[in-house]
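**Student:** with the sequence up front, the predicted model follows.
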Amino acid sequence: MNFFFGHTETMRELQAKAEPIARSYAPILIEGETGAGKERLAQHLHELRAAGGRLVKFLCDSSPTAVLGGFASNEEAAGRLQEASQDTLLLKRVHRLPVSVQERILLFLDEIKGPFPFLISTASDSLERLAASGQFLPELLYRVSAYRICIPPLRERRQDIPHLFRLMLSEVQLQVGVMAALPNSRAFDALTGYSWPGNLRELQNVARGYLLAPDSDSLQAEIERRQHTIPRNPANGTAAALKDQVKQASKRVESEIILRTLEQHRWNRCHGRGCDRCRGSRRSGRHRCGREVLTGAHRDESADSDTDAVL
């Protein structure tokens with residue numbers, strides 16, 4: 001899977017460095033706004049490495065056990081990672097890891113002896129800012145960022161937009177087997193003038209929509225509609241940013257409480273409705289025990305119906 005680099009100087013430099021970076025075996029941190037293409041670039045680096053291994057993804061805002069791969073001990077986790085030395089481990093949204101899970105991952109990394117898998121992490125928030133506020137361990141920041149790549153948002157490389165739109169349109173045409181003529185110059189001007197809060201992901205979806213109805217006037221009207229109706233990226237300081245930060249902070253606190261409880265009881269997940277130690281606050285309606293929160297294995301009948309996904 002090729003990454004959509006473009007023709008700007010920054011992206012040309014990144015394209016030239018991609019293969020040496022992929023063969024360096026150094027931990028890579030890819031930063032960028034939502035939709036900037038962080039996972040696609042990680043896939044591209046994995047393929048450039050040509051080690052024959054797998055790309056193993058961990059979603060860092062899921063449950064603690066899902067992130068840790070279900071390992072019960074540091075030694076077992078380290079052994080599994082060492083066996084997977086040809087693989088690439090991708091920590092998606094690493095900025096959303098609860099601190100307690102960060103500590104366990106650090107312990108895992110310390111147990112590794114010999115070859116280590118290629119480690120790539122992605123973040124859409126500043127890890128330095130989170131470390132300064134106590135939400136991210138500086139030690140883990142240093143471990144995951146031997147080399148850092150920052151993907152600029154589309155609004156900072158507008159001259160790439162027409163080229164990228166053509167590339168994406170060609171890719172979609174190959175996928176669906178349908179051909180379409182390119183938009184006219186007015187439509188391309190509209191594409192270039194739009195701020196693209198969803199970045200590459202949004203541009204790709206617009207290309208897909210254009211293929212369904214390949215009309216330049218309709219494309220231009222769609223861009224004008226988005227300019228007036230779609231909010232800016234939360235990273236640009238809108239009210240959605242504060243709401244997202246509060247939501248993620250709540251998730252982190254809850255995950256840490258659950259993880260500490262499980263560690264206190266040696267990861268012995270309780271059953272039944274009588275477990276007071278593992279229940280959340282009644283105000284939040286999260287009355288599920290550790291096993292249920294982490295695996296969804298059972299549900300407290302007294303809990304509200306809107307508490308299916310705690311983590």
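**Tutor:** Sure thing, it's come through. Numbers count the residues shown, from 1 in each chain.
**Student:** make it CA atoms for all contacts and neighbour counts henceforth
**Tutor:** Fine.
**Student:** for L89, helix, strand, or coil?
**Tutor:** Under DSSP: H, G, I helix; E, B strand; the rest coil, L89 falls in the strand class.
**Student:** which stretches of the stretch 1-150 of the chain form strands?
**Tutor:** Applying DSSP state E, counting those that start in this stretch to the stretch 1-150 of the chain gives strands spanning 28-31, 55-59, 88-92, 118-123, 147-150.
**Student:** looking at those strands, which has the lowest confidence?
**Tutor:** Mean pLDDT is lowest for strand 55-59 among the strands of the stretch 1-150 of the chain, at a mean of 86.
**Student:** what packs against the helix or strand containing N205?
**Tutor:** With secondary structure defined by DSSP states H and E, N205 is part of helix 199-212. Applying 3 or more CA pairs under 8 Å, 6 or more residues apart in numbering; DSSP states H and E, one finds that helix 199-212 contacts helix 161-176.
**Student:** tell me which residues in the next helix-or-strand element following the helix it packs on are buried?
**Tutor:** Counting by DSSP H and E, the next helix or strand C-terminal to helix 161-176 is helix 185-193. For helix 185-193, the neighbour count (16 or more other CA atoms under 10 Å) marks A187, F188, L191, T192, G193 as buried.
**Student:** over to stretch 6-26?
**Tutor:** By neighbour count on 16+ other CA under 10 Å, the buried set for stretch 6-26 is G6, H7, M11, Q15, A18, E19, I21, A22, Y25, A26.
**Student:** out of the residues you listed, who's nearest Y147?
**Tutor:** A26 (6.8 Å; CA to CA).
**Student:** re earlier: lowest-confidence member of the buried residues of stretch 6-26, which is it?
**Tutor:** When the buried residues of stretch 6-26 are compared, Y25 shows the smallest pLDDT, 79.
**Student:** OK, contacts around that one?
**Tutor:** By CA atoms under 8 Å, 6 or more residues apart in numbering, Y25 lies in contact with P117, F118, L119.
**Student:** just curious, which of the residues you listed is nearest to D217?
**Tutor:** L119 (45.1 Å).
**Student:** the closest one touches Q86, doesn't it?
**Tutor:** No. Applying CA atoms under 8 Å, one finds L119 not in contact with Q86, separated by 10.7 Å.
**Student:** please identify which of the two sits among more neighbours.
**Tutor:** Set side by side, L119 and Q86 show more neighbours around L119, with 22 against 19, by other CA atoms under 10 Å.
**Student:** beta partners for that one?
**Tutor:** L89 (DSSP bridges).
**Student:** tell me the contacts of it?
**Tutor:** Y25, A26, P27, I28, T88, L89, L90, L91, V144.
**Student:** pull the number of nearby residues for the fifth one.
**Tutor:** The reference is to T88. Around T88 there are 26 residues (other CA under 10 Å).
**Student:** Serialize the strands of the stretch 1-150 of the chain to CSV and add fields for distance to I230.
**Tutor:** As requested, the strands of the stretch 1-150 of the chain are arranged in CSV below (distance: least, CA to CA, whole Å):
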stretch, distance to I230
strand 28-31, 23
strand 55-59, 27
strand 88-92, 25
strand 118-123, 23
strand 147-150, 25
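**Student:** out of these, flag the one nearest V178.
**Tutor:** Closest among these, once you apply CA to CA, is strand 55-59, at 30.4 Å.
**Student:** direction included, what does that closest one pair up with?
**Tutor:** Sheet pairing of strand 55-59 (DSSP bridges) gives strand 88-92 (parallel).
**Student:** could you give the angle of the partner strand to strand 118-123?
**Tutor:** Counting by axes from the mean of the first three to the mean of the last three CA atoms, to 10 degrees, strand 88-92 lies at 10 degrees to strand 118-123.
**Student:** low-confidence ranges in the chain?
**Tutor:** Across the chain, the ranges flagged by pLDDT under 70 are 1-2, 63-85, 113-115, 232-311.
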